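Colleague: Need a 3D model of the sequence below.
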Amino acid sequence: MASRGGKHVIGSDGSDFLHRERVADHYLASAKMKTTAKQCMVGHLVLVALVLSHALLGQLGFLEPPAKIWEKIWILSAIPALFGIQSLPRNKVNHMNGFFYGVIVLGLLPLCWGVVDLVPELRTATLFMFGYPAVYIYYTGIAVGAVLHVLGLYYSRKLVEAWTAKGQKRQ
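Modeller: Here you go, the predicted structure:
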């Protein structure tokens, strides 16, 4: 510890700290990215809860239009998100890889399907939800979901790189 006004070691000007241990880069990177990755995954789960409620209300006939098949498939992307959240405390690379590939298959591909599926509706805009054309609400949800997925994929890759980069020296 530093002593402000106390005794100093003779012959030391305070610049002899370079020999001390430092926290490795991959631990610093991991700590910084875990929070952001978790926020993306939790945001994804919140969006899944909204789409799930829309699908259930549409299935029961309380909400128009009912959920489309790509939405129902996209709801399954909550499973990889749970794997991703579970991988964070213990740096489980296998679970994070499951999140990565699961989000691509169950998250991004259904969203791409949704973009293509909604193009004819974009021209007509006959269905309304909450006073707005339903297609606009769908595209807004797709855009938010895509941003969360892409950020989650980016941070999951960076975390896997940090978790598997043991033994590298700092420069």
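
Colleague: can you list the weak-confidence ranges in this structure?
Modeller: In the predicted model, the chain carries pLDDT under 70 at residues 1-6, 8-9, 11-18, 26, 166-171.

Colleague: which residues of it fall in strands?
Modeller: Shown for the chain, the strands assigned by DSSP state E span residues 128-129, 132-133.

Colleague: Can you tell me which of these is nearest to Pro66?
Modeller: strand 128-129 (11.3 Å; Cβ to Cβ). Quick note: C-beta positions are derived from backbone N, CA and C, even for glycine.

Colleague: mind listing what Thr36 touches?
Modeller: Shown in contact with Thr36 (Cβ atoms under 8 Å, 6 or more residues apart in numbering): Leu151, Tyr155.

Colleague: Which helix runs longest in this protein?
Modeller: The single longest helix within the chain, with elements called by DSSP state H, is helix 25-59.

Colleague: and that helix, which residues are buried?
Modeller: For helix 25-59, burial by neighbour count (16 or more other Cβ atoms under 10 Å) applies to 26, 29-30, 33-34, 37-38, 40-41, 43-45, 47-48, 51-52, 54-55, 58.

Colleague: How far does it sit from its chain's centre?
Modeller: 5 Å (Cα atoms, centre = their mean, to the nearest Å).

Colleague: Offset the numbering so it begins at 415, please.
Modeller: With 415 as the first residue, the last one maps to helix 439-473.

Colleague: correct me, but Ser444 touches Pro503?
Modeller: No: contact between Ser444 and Pro503 fails when scored by Cβ atoms under 8 Å: they sit 11.4 Å apart.

Colleague: hey, where'd the helices end up in this structure?
Modeller: 439-473, 483-489, 492-501, 507-517, 523-531, 533-538, 548-577.
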